[in-house]
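Undergrad: Sequence and computational prediction follow.
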Amino acid sequence: MYKNLAGRALVAWLTACFLLSAHSRAHSQPQPAPPLKIGFVYVTPLTEAGWVRQHDEGRKAVEAALGARVKTTYVENVAEGADAERVIRDLAQQGHRLIFTPSFGYMEPTLKVARDFPEVKFESITGYKTAPNVATANARYYEGRYLAGVAAGRMTKSNVAGYVAGFPIPEVLQGINAFTLGMRSVNPKATVRVVWLNEWFDPPKERDAAMTLFNQSVDVIAFHTGSTAVMAAAQERGKLAIAYHSDMRKIAPDAQVVAVTHQWGGYYTQRARAVLDGSWKSANLWGGVKEGMIRVGDFGTKVPQGVQQEVLARQQDIAAGRLQPFRAVAAEVRDNEGRTVIAKGSQLSDEQILRMNWLVEGLQGRIAR
């Protein structure tokens, strides 16, 4: 009997030692860190193509690259101003430690919330004001616009292009001017007609503007707005169009000439990694073709191989620094009121490009002040 009791005691003692050891090991081993919560704020509804779609593709790229180390969420259709501030603040309060705010009108709300949450990192996309916990980033969209202009200049038969534009801010003016310069670099007779909407996202107004331009001899059209309405209008009217933000061949299979696409996945993943490894710092990046943030391609079926090859060769020239859209090589560049804006042999500095407030020669229209 005593032997039996001693045996049982020994088993109990060994079991207790084992459990204690296992418990100790479990607590001594480093526990996996909780995922980094990343928030995204979108200025329009998330649709199958467009500005917001490209940022959402960037969000998905972060998830694909970093897996369980991150957890992302987004809020769509958030108006600039008070609504944006409320949503950004909510995301910060919910424990998001990295928040991307990709719209120019989100800049001030982002800065305001950032002051109250110094431990949260913010990325103001298209903004220009930084803070210790607010970085800014933007893309040189105008590089893609220039290349699209080359394609449009080769494809037009009427020598008249149209441009449906949101607001006359420098970013939009850069694109319109670069498109016109690219078009006239291969077709000096070409002109461009612009319609201002004073809206970023209003599909019926975008469509109406496109139809108006098509009634004015326009046979190829570009746009800087948020929906696919201009592409759909071009498809309906049998005209040609330049896709922007995303490849839009699904919407306009016959109309699309080329797409100027925005590629945010690389930048977003790099910034999320920096938060995870503690190396994140406030910065100001303006990247373009060279950095892989802007790309032209996705040519339509009507674009001859020769035109495609020409555009892609020019894209390589921009990536290599051999071509700058705002450099006056052969002659001075004038605005559409006759003033010299780029002297022969010179090129605009980044500061001058960022302050752009004129329309280049060949553009029919005025800046709505």
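TA: Structure's in. What do you need?

Undergrad: nearest spatial neighbour of the residue positioned nearest the centre of the chain, skipping sequence neighbours?
TA: By Cα atoms, centre = their mean, the chain has its centre lying nearest to H262, at 4.7 Å. In space, H262 comes closest to Q54 once its chain neighbours are excluded; the distance is 4.4 Å by Cβ to Cβ, 6 or more residues apart in numbering. Heads up, the C-betas are built off the backbone N, CA and C, glycines and all.

Undergrad: host element of the one you found?
TA: helix 51-66 (DSSP states H and E).

Undergrad: before we move on, the earlier item: residue contacts, the residue nearest to the centre of the chain?
TA: By Cβ atoms under 8 Å, 6 or more residues apart in numbering, the contact set of H262 is 51, 54-55, 139, 141, 245-246, 293-294.

Undergrad: show me where the stretch 51-200 of the chain has helices.
TA: Applying DSSP state H, counting those that start in this stretch to the stretch 51-200 of the chain gives helices spanning 51-66, 82-93, 107-116, 141-155, 170-186.

Undergrad: The third one - what's its average pLDDT?
TA: It refers to helix 107-116. What helix 107-116 shows for mean pLDDT is 98.

Undergrad: quick one: buried residues of that helix?
TA: Under the neighbour-count criterion of 16 or more other Cβ atoms under 10 Å, helix 107-116 has 107-111, 113-114 buried.

Undergrad: where in this structure is pLDDT low?
TA: Along the chain, the model assigns pLDDT under 70 to residues 1-30, 368-369.

Undergrad: any idea how far F179 is from F223?
TA: The spacing between F223 and F179, counted by Cβ to Cβ, to the nearest Å, is 10 Å.

Undergrad: go on, W51?
TA: In this view, W51 and F179 are 17 Å apart by Cβ to Cβ.

Undergrad: Then T225?
TA: 14 Å.

Undergrad: Those two: which has the busier surroundings?
TA: Neighbours were counted for T225 and for F179 using other Cβ atoms under 10 Å; F179 has more, 31 against 27.

Undergrad: Return the residues in contact with G288.
TA: 139-140, 143-144, 294, 318.

Undergrad: switch the cut-off to 7 Å
TA: Shown in contact with G288 (Cβ atoms under 7 Å, 6 or more residues apart in numbering): 139-140, 143, 294.

Undergrad: Which member of the residues you listed is positioned nearest P170?
TA: R140 (12.2 Å; Cβ to Cβ).

Undergrad: Count the neighbours of the closest one for me.
TA: Counted with other Cβ under 10 Å, R140 comes out at 24.

Undergrad: repeat for G67
TA: Neighbours of G67 under the rule other Cβ under 10 Å: 9.

Undergrad: Report the separation between it and G306.
TA: 44 Å.

Undergrad: Next, V218: secondary structure please.
TA: Assigned with DSSP: H, G, I helix; E, B strand; the rest coil, V218 falls in the coil class.

Undergrad: Please determine how far it is located from F179.
TA: Taking Cβ to Cβ, one finds V218 at 13 Å from F179.

Undergrad: same deal with L91?
TA: For L91, the distance to F179 (Cβ to Cβ) stands at 36 Å.

Undergrad: in what helix or strand does V341 lie?
TA: Using DSSP H and E, the element containing V341 is strand 340-342.

Undergrad: I'd like the next helix or strand past that strand.
TA: For strand 340-342, the succeeding helix or strand toward the C-terminus, using DSSP H and E, is helix 350-354.

Undergrad: that older thread, which parts of the helix holding Q54 are buried?
TA: 51-59, 61-63, 65-66.

Undergrad: Can I get these in JSON lines including distance to I125?
TA: Formatted as JSON lines, the buried residues of helix 51-66 follow (distance: Cβ to Cβ, whole Å):
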{"residue": "W51", "distance to I125": "10"}
{"residue": "V52", "distance to I125": "11"}
{"residue": "R53", "distance to I125": "14"}
{"residue": "Q54", "distance to I125": "11"}
{"residue": "H55", "distance to I125": "7"}
{"residue": "D56", "distance to I125": "13"}
{"residue": "E57", "distance to I125": "14"}
{"residue": "G58", "distance to I125": "9"}
{"residue": "R59", "distance to I125": "12"}
{"residue": "A61", "distance to I125": "15"}
{"residue": "V62", "distance to I125": "14"}
{"residue": "E63", "distance to I125": "18"}
{"residue": "A65", "distance to I125": "18"}
{"residue": "L66", "distance to I125": "19"}
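
Undergrad: and which of the residues you listed is nearest to E310?
TA: Relative to E310, the closest of the buried residues of helix 51-66 is Q54; by Cβ to Cβ it sits at 25.4 Å.

Undergrad: just checking, that closest one touches W264?
TA: Yes - with contacts counted by Cβ atoms under 7 Å, Q54 reaches W264, the gap being 6.0 Å.

Undergrad: list the residues that contact both of F223 and F179?
TA: Shared contacts of F223 and F179, counting by Cβ under 7 Å, 6+ apart, come down to Y163.

Undergrad: still on that earlier bit, what's the farthest-apart pair in the contacts of G288?
TA: For the contacts of G288, the farthest-apart pair by Cβ to Cβ is A139 and E143; their separation is 8.5 Å.

Undergrad: between those two, who's got more neighbours?
TA: Between A139 and E143, counted using other Cβ under 10 Å, E143 has the larger neighbour count: 30 against 24.
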